[in-house]
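Chemist: Based on what follows, work out the 3D shape:
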Amino acid sequence: MAEEIAIETAEAREETAAHATRNKRVMKRLVSLLSGSSRVQRQHAAMTIALAAADEPDSLAVYKGEVADALNRPESQTRWECLNALCELVGAGETVDEGILQGVEDALYDEDSGIVREGAFRFFCTYGAQNAKASDYVWPYLDEAIQCYHGDPEFADMLSSLLEFAEGKISSKTRAALSERMSFDAENAKGTLRMRAEQIVAACKKRRR
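Modeler: Alright, predicted model coming up:
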């Protein structure tokens, strides 16, 4: 009989997440719920997995394929939380294969959920910030997303992730393209958008020195 785990409340999810980082059997059971028939359980499991990944990314590394597969679930929250977990993994230096990157790409163009698109954008920013090769890989996707989602409610959060990308180990080619893309908003936008754009352009110039 499958081991029962408590994930119904925020407190229970925090406790189970902490337990899962130390107990492989609990983590395996938690991940298995991502493919279960219950929408609510999938959501709760994804939330718990994201907490575990934030606390101890290495504990989830062996299940990164299963987490990426959950990007195909119908509910937005499961997809978004799994993107959060994957973001923690690549931020900690975990490698991902082409299949996972394809799943994130599909999420970036999710037609139904802005938070899923933002989560995918954040993943690509984190992944691309790791090294020059990765930055060149993700830049076409980021560049298109900047143009497609400019003005969306999630765009401010996207720019925060883009600033972290600009401060990362990105290639000189990508850095120049990013600076050029954001220069118009840095010079012509207002409010938070202009401030973020200015910060991104400044970060690109700083990294060139």
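
Chemist: pull the helix or strand with minimum mean pLDDT from this protein.
Modeler: Sorted by mean pLDDT, DSSP states H and E, the helices and strands of the chain end with helix 191-208, the least confident at a mean of 90.

Chemist: Format the CA atom coordinates belonging to it as CSV.
Modeler: Taking Å, rounded to 0.1, in the frame of the first residue of the first chain, the C-alpha atoms of helix 191-208 are listed here in CSV:
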residue,chain,number,x,y,z
GLY,A,191,7.7,54.1,-13.8
THR,A,192,8.7,50.6,-12.9
LEU,A,193,9.2,49.5,-16.5
ARG,A,194,11.7,52.3,-17.1
MET,A,195,13.5,51.6,-13.9
ARG,A,196,13.9,47.9,-14.6
ALA,A,197,14.9,48.5,-18.2
GLU,A,198,17.6,51.0,-17.0
GLN,A,199,18.9,48.5,-14.5
ILE,A,200,19.1,45.8,-17.1
VAL,A,201,21.0,48.0,-19.6
ALA,A,202,23.3,49.2,-16.8
ALA,A,203,24.0,45.5,-15.8
CYS,A,204,24.9,44.7,-19.4
LYS,A,205,27.3,47.6,-19.6
LYS,A,206,28.8,46.7,-16.2
ARG,A,207,29.5,43.1,-17.3
ARG,A,208,31.3,44.4,-20.5
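
Chemist: Quick one: list the elements packing against that helix.
Modeler: Judged by 3 or more C-beta pairs under 8 Å, 6 or more residues apart in numbering; DSSP states H and E, helix 191-208 is in contact with helix 155-166, helix 172-188. In this view, the C-beta of every residue, glycine as well, is placed from N, C-alpha and C.

Chemist: closest one to residue 29 among the ones you listed?
Modeler: Among these, the nearest to residue 29 by C-beta to C-beta is helix 155-166 (31.6 Å).

Chemist: name the helices or strands packed onto that closest one?
Modeler: Applying 3+ C-beta pairs under 8 Å, 6+ apart, one finds that helix 155-166 makes contact with helix 114-128, helix 132-148, helix 172-188, helix 191-208.

Chemist: how about these in JSON lines, adding mean neighbour count and distance to residue 20?
Modeler: Listed next are the helices and strands packed on helix 155-166 as JSON lines, based on neighbours: other C-beta atoms under 10 Å; distance: least, C-beta to C-beta, whole Å:
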{"stretch": "helix 114-128", "mean neighbour count": "25", "distance to residue 20": "21"}
{"stretch": "helix 132-148", "mean neighbour count": "17", "distance to residue 20": "28"}
{"stretch": "helix 172-188", "mean neighbour count": "17", "distance to residue 20": "36"}
{"stretch": "helix 191-208", "mean neighbour count": "17", "distance to residue 20": "35"}
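
Chemist: Flag the shaky bits of this structure, pLDDT-wise.
Modeler: Along the chain, the model assigns pLDDT under 70 to residues 1-3, 207-209.

Chemist: rerun that using 50 as the cut-off
Modeler: Counting by pLDDT under 50, the chain shows low-confidence ranges at 1.

Chemist: Grab the nearest non-local neighbour of the most centrally placed residue in the chain.
Modeler: Computing the C-alpha centroid of the chain and ranking residues by C-alpha atoms, centre = their mean puts residue 123 first, at 3.0 Å. Using C-beta to C-beta, 6 or more residues apart in numbering and skipping the chain neighbours, the partner closest in space to residue 123 is residue 87 (4.7 Å).
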